[in-house]
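Trainee: No letters, just coordinates:
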């Protein structure tokens, strides 16, 4: 059993779309989970549908949505205070040092983050790389295991099959509840499943199929 | 935000003329454009809290979609596709264009005080 799991992603809603099922499984076992959320998604383009947010109100709205989702998932939340879309321009060593300090304090047995260069959004790639660097900088005897999540369209071709495939069917409803806490974002993101020629029930099936597993690669630290 | 009411918004724009103002100008099609459609391109740009002075400001459109042009001593600020507006905290003029799913595609914001950064 894990001692403590730390999830490191850059945006409010990454935790729900990316790992809510795995998180729910850990919480059911009584494992503490902490989410280190990099930014408030200040530059997101989804403003709710119909829109209820604007560029200036979005950060506070997403912060409240994040707090709500973390309550639903029953996880500790720490907001890191970076700005959306800027993580790749910050000094990676500085972010890694920042994350390392937090990890040394929490002493997790597992860290979940994005797989650098295979996570589509520049913030995902940059924070994933910084998180892995943070763990690499730790005393090898105290390093947590790292699960890296790839989400590109071709990651299977390049990286092969992930070694961690969590069946989260049992936590599907919880995952959807967490996703819908992010009211300003959920309909926009889930909208990609909508096609004119599809029935609502087919869309639901697609979503269920897509969200039936959460997959990760155990990071190999070669010293 | 609400659909642009040209007379009201033009009034607000006029009040910023020849003042030191902060501008937020942005366009985006999202970070996932080419992930969701390999034929698409990821394109976006923004500048936040650019400090400028403009001596003319005009909103032009067809009653639904508008363009804004702000004339400065040495150049222009331009935005196309603006559909909605709101006053934020009474003194910040926010204008934006949204697609049919409510996603922001363009925004032009003007204020005498800096936008939160």
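Mentor: Cool, got the structure. Worth saying up front: this structure is predicted, and the values here are computed from it rather than measured.
Trainee: Please list the residues of chain A that sit near chain B.
Mentor: For chain A, the contact set with chain B under Cβ under 8 Å from any Cβ of the partner chain comprises A:43, A:45-51, A:54-57, A:59, A:83, A:85, A:120-123, A:152-153, A:187-188, A:191-192. C-betas here are computed from N, CA, C, even on glycine.
Trainee: give me the residue from chain B nearest chain A.
Mentor: Of all residues in chain B, the one sitting closest to chain A is residue B:102 (4.0 Å; Cβ to the nearest Cβ).
Trainee: That residue reaches residue A:50, doesn't it?
Mentor: Yes - between residue B:102 and residue A:50 a contact is recorded at 5.6 Å, counting by Cβ atoms under 8 Å.
Trainee: helix, strand or coil for residue A:55?
Mentor: coil (DSSP: H, G, I helix; E, B strand; the rest coil).
Trainee: Show the contacting residues for it.
Mentor: Applying Cβ atoms under 8 Å, 6 or more residues apart in numbering or on different chains, we find residue A:55 in contact with B:24, B:26, B:94, B:96, B:104, B:107, B:109.
Trainee: measure residue A:96 to residue B:27 for me?
Mentor: 32 Å (Cβ to Cβ, to the nearest Å).
Trainee: Between residue B:102 and residue A:50, which has more neighbouring residues?
Mentor: Comparing residue B:102 with residue A:50 by other Cβ atoms under 10 Å in any protein chain shown, the one with more neighbours is residue B:102, at 20 against 9.
Trainee: What are the phi and psi values at that one?
Mentor: Residue B:102 has phi and psi values of phi 80, psi 10 when expressed as degrees, to the nearest 10.
Trainee: Can you name the residues of chain B that neighbour chain A?
Mentor: So chain B meets chain A at B:1, B:24, B:26, B:28-32, B:35-36, B:38, B:46, B:84, B:86, B:88-89, B:92, B:94, B:96, B:98, B:101-105, B:107, B:109, B:115-117 (Cβ under 8 Å from any Cβ).
Trainee: Please enumerate the helices of chain B.
Mentor: Using DSSP state H, the helices of chain B run over residues B:6-15, B:33-36.
Trainee: scratch that, chain A
Mentor: Going by DSSP H, chain A shows helices at A:14-28, A:58-73, A:92-106, A:122-136, A:155-159, A:172-181, A:183-190, A:200-210.
Trainee: Including distance to residue A:38 and mean neighbour count, could these go into CSV?
Mentor: Shown next, in CSV, are the helices of chain A (distance: least, Cβ to Cβ, whole Å; neighbours: other Cβ atoms under 10 Å in any protein chain shown):
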stretch, distance to residue A:38, mean neighbour count
helix A:14-28, 9, 24
helix A:58-73, 11, 20
helix A:92-106, 8, 16
helix A:122-136, 5, 24
helix A:155-159, 21, 13
helix A:172-181, 18, 20
helix A:183-190, 15, 20
helix A:200-210, 24, 12
